[in-house]
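A.B. asks: Let's see this in three dimensions:
(one chain, ligands or ions: 1)
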Amino acid sequence: MIMEAARKGQITPEMEYVAKVEEIDPQRLRRLVASGRVVIPKNISRDAVPTGIGESMSTKINANVGTSKDFIDMEEEVKKALIAVQYGADTIMDLSTGGDLDEIRKRILKSVKVPVGSVPIYQAAQDSIVDMSSDDMFNAVRKHVEGGVDFVTIHAGVTLDALERLKRSNRILNVVSRGGSFTIAWMIHNEKENPFYEEYDYLLEIAKEHDLTISLGDGMRSGCIADASDRSKFMEFVTLGELAREARSKGVQTLVEGPGHVPLDEIDLNVRMMKRLTDGAPLYLLGPLPTDIAPGYDHITGAIGGSVAGMHGADFLCMTSPSEHLALPTVEDIKEGTIVTKIAAHIADLAKTRERAKKRDDQMAIARKNLDWKRQFELSIDPERARRIKCSRKSKSDACSMCGDLCAIKIIQNALRREI
Ligand code: SF4
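C.D. replies: Predicted coordinates:
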């Protein structure tokens, strides 16, 4: 149990590994894990790469894959997971809702070494959202955990109280979280409290058996700019903060999710409030998306929001693909979404931990100065694309065809050497 070990003063092999990768003192990392400010999601029954998420860690990125009821192709989902990892995804979430969910999850868990997350309520609700029982919900969690997933999203902050507040709000899109909408539909139909909130202790017991990390889902995240930063969302953060505290007291590692569509100037406020209300829990953000009007380009929208959120303290960015709001992503969409999210995370790291993050940028600057194209490709986030563009329109000079012999880098170097 990673958190319990940290509290007892022990540095586990996972902590040692993360400390080395993150270039941080292992004792400092141990303290951050003990306090819940860093999590290392790792199911005891699976040998996932130890990955540190939270304070003083580099910003991590997740890629969502998974079938829908309209498109069920297991091989395609495995390909998406593999390409996401190839382009830098630190974790994969299987959000499948169509087909043989057990088999798809098994294949994804087997195909990648990074931590894998899931949303068990999708499986519990596969036949009927409103007719699932609370046992179905907890059994789905147990099934996913016993199958080896390293973290699960649970929408425990969606409560009857939150529902009443939502009804009094003037939101345009009400709820856009899929798990949140399932939970609310179930609560209204059954006139009952959310079982994951009411029997949260039981959930923590299940989590503890396998050292599962719980990602507290943001059922009330805003689905458009008009709904951003409202009472529904901030009240959910208060609940999530309480739930995160309770989980920590039982030695269960916890992430907190948020905040949806948020205008750029309110991202700072959202991130700081989330951190404050959750006692510094690692924040896992989808986007945030700072505009609603860019379907087809929401990977870029998400990357802009993600960079700003990361700069202000978000720890874990969920990839948005060009298909967001439009369709189930293709393999190419996942690749593109992963690459731009990786760029966003790196930009955030340059602002958060300049000296540590900028080593690669410094090497790129030197390679540019030397017109060393091979090295520039090696250092690129997407070497294949950089090489393809350079080679598609070659220059007769050793510079690139943008300026050719008028290359500013060459001219100024020659001038400074007084060779012109
Ligand atoms: S040719 Fe122009 S664009 Fe290309 S490396 Fe030189 S200065 Fe940069």
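A.B. asks: So which elements touch the helix or strand where A309 lies?
C.D. replies: Here A309, judged by DSSP states H and E, is contained in helix 298-311. Secondary structure elements in contact with helix 298-311, counted by 3 or more Cβ pairs under 8 Å, 6 or more residues apart in numbering; DSSP states H and E, are helix 264-277, strand 283-289, strand 316-318, helix 331-352. Just so you know, the C-beta spots here come from the backbone N, C-alpha and C atoms, and that holds for glycine as well.
A.B. asks: Output the second one in PDB, but only the C-alpha positions, please.
C.D. replies: Listed in PDB are the C-alpha atoms of strand 283-289, where the atom choice follows Å, rounded to 0.1, in the frame of the first residue of the first chain:
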ATOM      1  CA  LEU A 283      -5.800  17.700 -10.200                       C
ATOM      2  CA  TYR A 284      -6.900  15.800 -13.300                       C
ATOM      3  CA  LEU A 285      -8.400  18.100 -15.900                       C
ATOM      4  CA  LEU A 286     -10.200  17.500 -19.100                       C
ATOM      5  CA  GLY A 287      -9.100  20.500 -21.100                       C
ATOM      6  CA  PRO A 288     -10.200  22.900 -19.800                       C
ATOM      7  CA  LEU A 289     -11.800  24.200 -23.000                       C
END
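A.B. asks: Measure how it sits relative to helix 298-311, angle-wise.
C.D. replies: When axes from the mean of the first three to the mean of the last three Cα atoms, to 10 degrees is applied, the directions of strand 283-289 and helix 298-311 differ by 130 degrees.
A.B. asks: can you state the direction angle for the helix holding A309 and helix 331-352?
C.D. replies: Angle, helix 298-311 to helix 331-352, by the same axes, to 10 degrees: 20 degrees.
A.B. asks: what is the rounded mean pLDDT of helix 298-311?
C.D. replies: Averaging pLDDT along helix 298-311 gives 97.
A.B. asks: Need the residues that contact it.
C.D. replies: 59, 262, 264, 267-268, 270-271, 283, 285-291, 294, 314, 317, 319-322, 324-325, 333, 336-337, 340-341, 343-345, 347-349, 351-352 (Cβ atoms under 8 Å, 6 or more residues apart in numbering).
A.B. asks: now that helix, how far from the chain's geometric center?
C.D. replies: Helix 298-311 sits 12 Å away from the centroid of its parent chain (Cα atoms, centre = their mean, to the nearest Å).
A.B. asks: and the stretch 301-420 of the chain, which of its residues are near the ligand?
C.D. replies: Proximity of the stretch 301-420 of the chain to the ligand (Cβ under 6 Å from any ligand atom) is limited to residues A399, C400, M402, C403, C407, A408, I409.
A.B. asks: Apply 8 Å and report the result again.
C.D. replies: The stretch 301-420 of the chain has residues 368, 371, 395, 397, 399-404, 406-410 near the ligand, with proximity defined as Cβ under 8 Å from any ligand atom.
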